[in-house]
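Visitor: Build me a structure from this.
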Amino acid sequence: MAAALVLIPASGVDGAYHSIDGEKSIVAVDEDAEFTIVYSDTDHSDIDVTFDAKLVNSKGETMAGAVDPSTGSIDNGVPETLTVTAPTGAGTYTLEVTYTGTYDVDGTETDIDPVTDRYVIKAVNPITLTAAVSLEDPNVDLSGYGVYFWVDGEKMEDSYTTFNVSSNGTGSATYDWVTDAASGKHTFWLESANGGVVDVSGLDQKHDFYVGDNDYSLYIALVVIFVILAIILLVWVYRKPVKNFGKPKSRR
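Guide: Model prediction:
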C-alpha cells in the first residue's frame, strides 16, 4: 500500500504548511499504526503551535484512547509521531489533527487560525491464509527455511515466514492478509525464499478462496438437489396408477 500524504497551506499564515503522512491507510482491527504530522512556518521563527488529535468513526464519534499522544506542542518543522490503535470493529475511520497557536512579529503576538488535517483509515478483519506442505524425507531439517505468500500474482513482502515440519513430514504456513479485498475469487500460493534447496510438496500449489458471497457452489448444489427431487416427484405422479371406483349410483 502506497504511503498517503496530506499537505495543505495553513490558513492565515503565509509560508506555513501542515501535513499527515502514513505508511498505510488499511490496518487490521485492533492494530497499531504510526503516522507523522508536521507543522512548518518558514516565515516566522518565533512560533508556538499545539495540536489535538482524535480518531472518529463514520458517524463523527470520537474513539476513546485511539491516538497517542492525543495532544501536545509541536516544534516548527519538526515531525511528531502519532500512534493510532484501530478499533476492534471493522470500518472506515478518520484521523483528525487540529493545529492552534500563535506567532510573534516585532513583539506582537498573533493567533493562528485553527486548521485541521484529515487522514482516512480503513480497519479490516485480516483474511487468514494457510497452506499445507510435506516432505518426502521427514528427517530433513527445515529450521530457517522461509517462504513468501503470493496473492493474486503479487508477492506479499510482509508475509515471510518459516514453518516446522512434524515427525511425519507434514506442516503448514499461515499468513494474515490485511487488505480491503474485492468481493469474488482470489488465488494464493507459497514460494520458497531460499530457492530450490529442499523439495517441499505444496510450494507453488495454487489455492482458491472467495471474499464476500460470490462462491455459489452451495447454492448450485441445493438447486441441483431440488431439480432432482422435482423430477422424481413428477415421474411418481405420472406413473401413479389411477383407481376406478365404478360408476356412481344415481339418486333414487
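Visitor: all contacts plus neighbour counts: C-alpha atoms, from now on.
Guide: OK.
Visitor: now the spatially most central residue of the chain: how far from residue 162?
Guide: When C-alpha atoms, centre = their mean is applied to the chain, the residue found nearest the centroid is residue 179 (3.1 Å). As judged by C-alpha to C-alpha, to the nearest Å, residue 179 and residue 162 stand 22 Å apart.
Visitor: And for residue 78?
Guide: Look at residue 78 and residue 162: by C-alpha to C-alpha, they are 40 Å apart.
Visitor: Please identify which of those two sits among more neighbours.
Guide: Counting neighbours by other C-alpha atoms under 10 Å for residue 78 and for residue 162 shows that residue 162 has the greater number, 18 against 11.
Visitor: How about the contacts made by the nearest residue to the more buried one once chain neighbours are set aside?
Guide: Spatial nearest neighbour of residue 162, excluding adjacent residues (C-alpha to C-alpha, 6 or more residues apart in numbering): residue 146 at 4.5 Å. Contacts here follow C-alpha atoms under 8 Å, 6 or more residues apart in numbering; on that basis residue 146 touches 160-163, 192-194.
Visitor: For those residues, give me TSV that also has pLDDT and distance to residue 154.
Guide: Formatted as TSV, the contacts of residue 146 follow (pLDDT from 0 to 100; distance: C-alpha to C-alpha, whole Å):
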residue	pLDDT	distance to residue 154
160	94	13
161	91	16
162	84	19
163	76	21
192	88	14
193	87	15
194	77	18
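Visitor: The residues you listed, buried ones only, as a PyMOL selection?
Guide: To isolate the buried members of the contacts of residue 146 in PyMOL, using 16 or more other C-alpha atoms under 10 Å:
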select buried, resi 160+162+163+192
